[in-house]
Each structure stands twice: as C-alpha cells, then as structure tokens.
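[1] missing the sequence, but the structure's below:
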C-alpha cells in the first residue's frame, strides 16, 4: 500500500514538472510558421492581393519598431534602412539560417522600402520571447518617436505590465500591430487580444480564413498569411506573423500620407480600404487594400 502511494506521488510530481516545462516553453513561444520547399509557386500573390502597385508612397520618414528575433539576412541586405538593438544582450543567435525577423522585415520593407526600421530583439532563434526583454524594448520605444510597433509574436499568458506599456504607447498615438496566433482557436493570443491593438489574422489566396489562424470578437483585420514567398530563399511560409507584417506595411503608407492622423481615424481608413463595414469573428473587418486615387 505504501509503495503504491509513493508511486502515485512520484507520478504526480513528474506530471507537474512536465506541465510546468510546457507552460514555460509556451509562455515564451510566439507564432511558429511552417516552411516548404517549392519549385513552381514563385508568384507573389499576397502583394498583388493588397494592391501594392497602387500604393502612393514608399514610407519615407516613417519609423517602425519590430519586436522579434535576431536577423541574419535583412540587416546585411537592408543595412541603410534597418537598425538593430538587442534586449537583453544575452539573447545570442548562433544560427546562420534565415530567421523569423528576416521574413518580417522583408515583407514590411517590400511594401515601404524607405521606412526606417528598428529591429528590437526580444526573442531567441527558437522564438522564445523573454518578457523582461519585451518590457525593456517597450520602455526604450516609449522614449523615442516611432509611429508603428510591429509585434509578430504572441504570449500564452496576460502580462499586466506589458499591457500598460503598450497602452502608454497607444496614448502617444503609436499604432500597435500584433498577430492573432496560429492555434485555430476562438480567442486571440496576447497582446493582440488588447482592444487598442490592431490584431491581425491570416487568409489564403482565395480570401478565406486560414484554418490555423486564431479568430474572435477582438480580431480587427485579416491579411495574406499562406504560401508567402521567402525574401531570401526558395521556400514559402505561413502564419499570422506574416499577416501582421503586411498590415504594418499598409499602415506605414497611410501614416506617411496622413501624418496627423490618430489611431481611431486610422482604423476607420483601414475599414474603408477593406470595403467591409460589418465585423465578423472569423476575419474581422476583412483585408485593407490599396486603391486607385479618385
């Protein structure tokens, strides 16, 4: 009898250790995205879908902070328009592979090539977000003049401290863009779940909600997030991280043309660009697209 009790206790302890480990990993993990080798799918449908050829500027003077992993390719290829900061210094990327940040920076740069991008490293090469690093980066951003913060990342828990820092930025008229998450669930991951954040889900090339994109009443918009060509390799990717980058690029265009706009007015313009005044939990207000000037 005592032996059985001991076995039960050991099993319970083991389970707790396992659960704690999983929660720790998930609490730091942000949107994963799958990659596939491809031969024929080189058509960049996503940029045509948002009407990139109808954009009115190249984002000159717009300052964008990207909270993400380190970069191996974007910083080398776009060194005049991308700067780099690390929070904290202990986050080291020893990999020479293409990183998550490389793709996010690449998409935003393709839409607004003259925007000034600052990559704030708050996650390691595996996508583990350090909350203290995120906090320090947001505090640093608050002291500077950024128009947009791109967060192609999620946390599996709510952080009151992070939420307050983001709200302070919102009050300074900084536009906050965040990915909804890739679990296919009826709720958005933090921080996209905050009402003052531009939450972004994913659609496919047919304009349908991507099956793994999170959805819910807080979702604002949905942008391309499947079969996205890599800027640096012969691969394609998927995930709401990429969708958030597309919206960030679009927002930079609007904020360039309307420098005195506030976040409420910006959201109304995006809704008008989406051509869908009715909100639904699956795709929000839809997909903002560039249109010909009338």
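    Looks like it arrived, so ask away. This structure is a prediction, so every number in the text was calculated from the model and none was measured.
[2] which secondary element of the protein has the worst mean pLDDT?
    For the chain, the helix or strand with the lowest mean confidence is helix 2-28, at a mean of 33 (criterion: mean pLDDT, DSSP states H and E).
[3] all strands of the stretch 101-250 of the chain, in order?
    Remark: strands assigned in the stretch 101-250 of the chain by DSSP state E, counting those that start in this stretch are 116-121, 148-151, 175-179, 198-203, 221-224, 228-229, 235-237.
[4] okay, those strands in CSV with distance to residue 286 next?
    (C-beta placed from N, C-alpha, C; glycine too.) Compiled in CSV, these are given as follows (distance: least, CB to CB, whole Å):
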stretch, distance to residue 286
strand 116-121, 27
strand 148-151, 20
strand 175-179, 16
strand 198-203, 9
strand 221-224, 6
strand 228-229, 19
strand 235-237, 22
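[5] give me the pLDDT for residue 160.
    In the prediction, the pLDDT value recorded for residue 160 is 97.
[6] give me the number of residues near it?
    The local packing of residue 160 (other CB atoms under 10 Å) involves 7 other residues.
[7] do the same with residue 285
    Applying other CB under 10 Å, I find that residue 285 has 21 neighbouring residues.
[8] got the phi/psi numbers for it?
    Summarising the backbone geometry of residue 285 under the convention degrees, to the nearest 10, its torsions are phi -90, psi 10.
[9] so that it lines up with my notes, have the first residue be 10 from now on.
    Sure, I'll start counting at 10 from here, so that last one is residue 294.
[10] show me where pLDDT drops low in the protein?
    Across the chain, the ranges flagged by pLDDT under 70 are 10-52, 88-90, 97-104, 302-303.
[11] center of it - which residue?
    Within the chain, one residue has its C-alpha closest to the average C-alpha position: by CA atoms, centre = their mean, that is residue 161, at 1.8 Å.
[12] surely it and residue 256 touch.
    No - taking contact to mean CB atoms under 8 Å, the distance of 10.2 Å between residue 161 and residue 256 leaves them out of contact.
[13] common neighbours of those two, please.
    Counting by CB atoms under 8 Å, 6 or more residues apart in numbering, residue 161 and residue 256 have no common neighbour.
[14] and the residue nearest to the residue nearest to the centre of the chain when sequence neighbours are not counted, how many neighbours?
    Of all residues beyond its chain neighbours, the one nearest residue 161 is residue 250 (3.6 Å), with distances taken as CB to CB, 6 or more residues apart in numbering. Using other CB under 10 Å, residue 250 is surrounded by 33 other residues.
[15] likewise the one 5 residues further on?
    Residues within reach of residue 255, counting by other CB under 10 Å, total 29.
[16] still on that earlier bit, just checking, the residue nearest to residue 161 touches residue 162?
    Yes - counting by CB under 8 Å, residue 250 touches residue 162, with 7.4 Å between them.
[17] and for the closest residue to residue 284 other than its chain neighbours, the neighbour number?
    Excluding its sequence neighbours, the residue lying closest to residue 284 (CB to CB, 6+ apart) is residue 295, at 6.9 Å. Neighbouring residues of residue 295 were enumerated by other CB under 10 Å; the total is 22.
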